[in-house]
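> need a structure here:
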Amino acid sequence: METDSSASTLRVTVVQASSVFHDTPATIDKAEKLLEQAAGQGSKLILFPEAFIGGYPRGSNYTDRTLKAKQKFLNYHASAIKVPGPEVERLAAMAEKHKVYLVMGVIEKEGYTLYCTVLFFDPNGHYMGKHRKLMPTALERLLWGFGDGSTLPVYDTPIGKIGSVICWENKMPLLRTAMYAKGIQIYCAPTAFDGETWPATMTHVALEGGCFVLSANQFCRRKDYPPPPEYRISATDQEEENMLPETVVCRGGSMIVSPFGKILAGPNWEEEGLVTADIGKLVVTITILNLNLFP
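Presented below is the predicted three-dimensional model:
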């Protein structure tokens with residue numbers, strides 16, 4: 001490991017906020033306000049949660065073959081975006097306006113297949129590329145297609161080497177190792193998981209990879225989703241009936257961790273907001289023995 005004590009600092013932000021479910025234009029409007037706020041605080045890299053645009057289908061079940069279930073899926077499909085497409089152009093313009101690197105979780109559609117995807121933008125308004133989630137988790141597999149491994153980028157930028165590993169992918173050792181072998185320095189981990197073990201997972205990744213880890217999750221209440229019977233989150237009708245509009249259905253946990261396993265900011269379990277930290281720019285370089293495992 002080599003360190004550069006003269007390296008300057010870089011302010012980064014992870015956004016913890018809910019989508020406007022089934023309303024992609026409103027979600028992008030919300031993203032723009034949050035991006036403006038983070039950039040106004042001096043952040044140069046801003047990470048949004050998994051499936052922020054398009055929405056995380058928490059509690060949804062589109063598995064039966066009724067016309068009603070098919071219509072629900074079509075509603076969800078309509079919230080997804082095409083890559084490239086007009087929404088991607090708008091996100092690029094937002095990154096350029098505020099001169100930031102933007103890493104955004106979206107639901108991408110290609111034909112009738114949906115993908116959980118992360119998009120990357122640079123401060124010059126260029127769409128850099130994407131990562132499609134390789135392994136949708138649990139019921140996600142009934143809604144989202146599988147990535148094929150062709151989109152595992154690590155971008156070499158003036159602020160460091162940036163890449164993304166989505167949610168449960170962080171529990172895939174070979175995928176993490178592929179990122180380390182590419183020299184990742186700013187490891188973006190958008191997620192939808194708010195369990196007690198997540199901070200330990202993020203701390204382990206930071207230590208294992210010798211990289212800064214940024215994790216962003218949504219903070220959602222029942223009112224952020226359509227009301228029943230249009231949309232149900234709970235497994236039973238009784239639970240759904242007892243769920244108040246302010247009931248928390250995803251409590252976040254967004255955080256930023258140093259390469260030495262120190263939690264620099266977060267985890268935030270309480271509310272929507274920005275989690276921000278100053279990190280050492282290019283402060284850690286990891287050399288991995290090349291065994292020709294990763295071409």
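
> and the residue sitting nearest the centre point of the chain, what is it in contact with?
For the chain, the residue nearest the mean C-alpha position is residue 190 (2.6 Å; Cα atoms, centre = their mean). Listed by Cβ atoms under 8 Å, 6 or more residues apart in numbering, the contact set of residue 190 reads 47-50, 52, 103, 105, 118, 164, 166-167, 215-217. Quick note: C-beta positions are derived from backbone N, CA and C, even for glycine.

> in stretch 262-274, what's buried?
263, 264, 265, 266, 267, 268, 269, 272, 273, 274 (16 or more other Cβ atoms under 10 Å).

> secondary structure element holding the fourth one?
Secondary structure here is read from DSSP states H and E; on that basis residue 266 sits in strand 263-268.

> go through the helix or strand following that strand and flag the buried ones.
Going down the chain from strand 263-268, the next helix or strand is strand 273-280, by DSSP H and E. Within strand 273-280, the residues that count as buried by 16+ other Cβ under 10 Å are 273, 274, 275, 276, 277, 279, 280.

> nearest residue to residue 169 in space, please, no chain neighbours.
Leaving out its chain neighbours, the residue that sits closest to residue 169 by Cβ to Cβ, 6 or more residues apart in numbering is residue 175, at 5.4 Å.

> nearest to residue 9, of the buried residues of stretch 262-274?
When these are ranked by distance to residue 9 (Cβ to Cβ), residue 264 comes first, at 11.1 Å.

> tell me the spacing between that closest one and residue 188.
Per Cβ to Cβ, to the nearest Å, residue 264 is found 15 Å from residue 188.

> tilt between the top helix by length along the chain and strand 273-280?
Using DSSP state H to define each element, the chain has its longest helix at helix 24-40. Per axes from the mean of the first three to the mean of the last three Cα atoms, to 10 degrees, the angle that helix 24-40 makes with strand 273-280 is 40 degrees.

> perfect, I'm done here.
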